[in-house]
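Participant: Give me coordinates for this.
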Amino acid sequence: MKIKILMVCLGNICRSPLAEGILKSKLDANKYTVASCGTSSYHIGSKPDLRSIAIGAKYNIDITNQRAAQFTIDHFKVFDHIYAMDNSNYQNIIKLANNDQDKNKVKLILDELYPNNNLDVPDPYYGGEQGFEDVYQMLNKACDSIVNTLEELY
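Facilitator: Okay, here's the model as predicted:
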């Protein structure tokens, strides 16, 4: 049985598609499934932001086939680990949880690097190219830590 990991941001066009692509590039596809979605319905069906696509391509990660989807209560049934990009989205996910088992699946992605600091991955949408580079670097480090955690768990 594959371990399923979900990356979540607001619109599912900048941070979470990058996080999905980065983590997929680091894990064995036979053992893990990685997906992403957003807590809002703003961009359902849209491709990732062109700047996210470009920064992924810079590091040989192709996210062009991803399409934005919205987080629903059903995601708790499907996914084993859910990573929120920031505190606002974390709270939006937790509000939908049915029980403590659901809540325990949810974690802030940067807590992988800085436990219990509750840091946000900044949304680069309204910023420039450097914001996307900065987000990539944060997510790449966090995904390295997730890989190490998963290897210990499974």
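Participant: what's near enough to touch the residue of the chain positioned farthest from its centre?
Facilitator: Distance from the centre of the chain peaks at Asn99, with 21.8 Å (C-alpha atoms, centre = their mean). If you count contacts by C-beta atoms under 8 Å, 6 or more residues apart in numbering, Asn99 has none. From N, CA and C alone the C-beta is placed, and that goes for glycine too.
Participant: Val121 is in contact with Asp86, isn't it?
Facilitator: Yes. Checked against C-beta atoms under 8 Å, the pair Val121 and Asp86 is within contact range at 6.1 Å.
Participant: which one of these two has more residues nearby?
Facilitator: Counted by other C-beta atoms under 10 Å, Val121 and Asp86 do not tie: Val121 has more neighbours, with 24 against 21.
Participant: The more buried one in helix, strand or coil?
Facilitator: Secondary structure, DSSP: H, G, I helix; E, B strand; the rest coil: Val121 is coil.
Participant: Repeat that for Gln91.
Facilitator: helix.
Participant: State the distance from it to Leu10.
Facilitator: 12 Å (C-beta to C-beta, to the nearest Å).
Participant: Comparing the two, which residue is more hemmed in?
Facilitator: Shown here are Gln91 and Leu10; by other C-beta under 10 Å, Leu10 has more neighbours (21 against 12).
Participant: ok, the more buried one to Leu96 distance?
Facilitator: 15 Å.
Participant: and if you look at Glu152?
Facilitator: For Glu152, the distance to Leu96 equals 28 Å [C-beta to C-beta].
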